[in-house]
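K.L.:
Pasting the sequence and the predicted coordinates here, then a few questions.
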Amino acid sequence: MTRQCSAPGCRNGSGLHQFPSNPELRLQWLRALGITDHDLVSRAAVCNEHFSPECFSNLTEVKMGFSKVLHLRSGAVPTKVAPPPARVTSQSGSLRLIMVQI
């Protein structure tokens, strides 16, 4: 079974971060994402798209090509709860992006 982002409306499968084991921080993640199913946490993950740049400890290294994987800072909480843009295929077959604004 392929893992996907657990944020509502997001199905991204790359750049995933497991929910923290610290109960207080885990609760902050759940609240930030609007997730009410606490049983989901054991298998849940959140993609990079739901974190602001300040949440990553090695963003500069990744941008410069010295690292390929983004690492979260200790205590980071998802800040971008809207799902990333959805891809929709029009009747003509071309792709267009739809921005979701909350």
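P.N.:
Cool, got the structure.
K.L.:
and the closest residue to residue 33 other than its chain neighbours, what pLDDT?
P.N.:
In this structure, residue 33 finds its nearest non-sequential neighbour in residue 7, 5.2 Å apart by Cβ to Cβ, 6 or more residues apart in numbering. Any C-beta I mention is one placed from the backbone N, CA and C, and that applies to glycine too. Looking at residue 7, its pLDDT reads 90.
K.L.:
Enumerate every residue touching residue 7.
P.N.:
Going by Cβ atoms under 8 Å, 6 or more residues apart in numbering, residue 7 touches 33, 46-47, 49-50, 78, 81, 83.
K.L.:
Need these in JSON lines (columns: pLDDT and distance to residue 71).
P.N.:
Shown next, in JSON lines, are these (pLDDT from 0 to 100; distance: Cβ to Cβ, whole Å):
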{"residue": "33", "pLDDT": "90", "distance to residue 71": "20"}
{"residue": "46", "pLDDT": "94", "distance to residue 71": "14"}
{"residue": "47", "pLDDT": "95", "distance to residue 71": "14"}
{"residue": "49", "pLDDT": "93", "distance to residue 71": "16"}
{"residue": "50", "pLDDT": "94", "distance to residue 71": "15"}
{"residue": "78", "pLDDT": "95", "distance to residue 71": "15"}
{"residue": "81", "pLDDT": "76", "distance to residue 71": "21"}
{"residue": "83", "pLDDT": "48", "distance to residue 71": "23"}
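K.L.:
Narrow the residues you listed to those in helices?
P.N.:
Cross-referencing the contacts of residue 7 against helices under DSSP state H gives residue 33.
K.L.:
So what pairs up with the residue nearest to the spatial centre of the chain in the strands?
P.N.:
For the chain, residue 47 is the residue whose C-alpha lies nearest the centre (Cα atoms, centre = their mean; 2.6 Å). Taking DSSP bridges as the rule, residue 47 bridges to residue 16.
K.L.:
That one contacts residue 11, doesn't it?
P.N.:
No - using Cβ atoms under 8 Å, residue 47 is not in contact with residue 11; the gap is 9.3 Å.
K.L.:
Find the residues that touch each one of the two.
P.N.:
Joint contacts of residue 47 and residue 11 (Cβ under 8 Å, 6+ apart) are residue 5.
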